[in-house]
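Asks: sequence and predicted structure, then a few things I'm wondering about:
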Amino acid sequence: MPKFNTNIELSIEDMDLIEAALRQTKADLSSKLIEAEVPTNEIEPERRVRKIHNLLGRLHNQKVFYRPSNTYVGG
């Protein structure tokens with residue numbers, strides 16, 4: 001059984017591309033669910049949308065946003 005690589009090296013551009021692809025996939029699945037165009041052979045499309053949404057949330061939570069350390073930023 002293969003082992004996972006724990007040292008994954010992705011650039012910021014790679015992460016942006018992955019995030020954009022996930023957002024597009026989520027949007028496509030969501031619109032199909034709304035329009036009831038989901039094929040009968042597709043298993044649990046709502047679950048797939050939820051999994052993508054959770055993954056996007058985890059990616060967002062790992063980002064480090066710039067915040068000046070010497071001045072107060074309200075909000």
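Replies: It's in.

Asks: all contacts plus neighbour counts: C-alpha atoms, from now on.
Replies: Fine.

Asks: the most centrally placed residue in the chain: what's it in contact with?
Replies: Centroid-nearest residue in the chain: residue 56, 2.5 Å away (criterion: CA atoms, centre = their mean). Residues near residue 56 by CA atoms under 8 Å, 6 or more residues apart in numbering: 19, 22, 23.

Asks: and the first one, what element?
Replies: This points to residue 19. Per DSSP states H and E, residue 19 falls inside helix 12-34.

Asks: show me what counts as buried in that helix.
Replies: Residues of helix 12-34 classed as buried: 19, 22, 23, 26, 29, 30 (neighbour count, 16 or more other CA atoms under 10 Å).

Asks: same check on stretch 55-71?
Replies: In stretch 55-71, the ones that count as buried by 16+ other CA under 10 Å are residue 56.

Asks: what helix or strand does residue 57 sit in?
Replies: helix 45-61.
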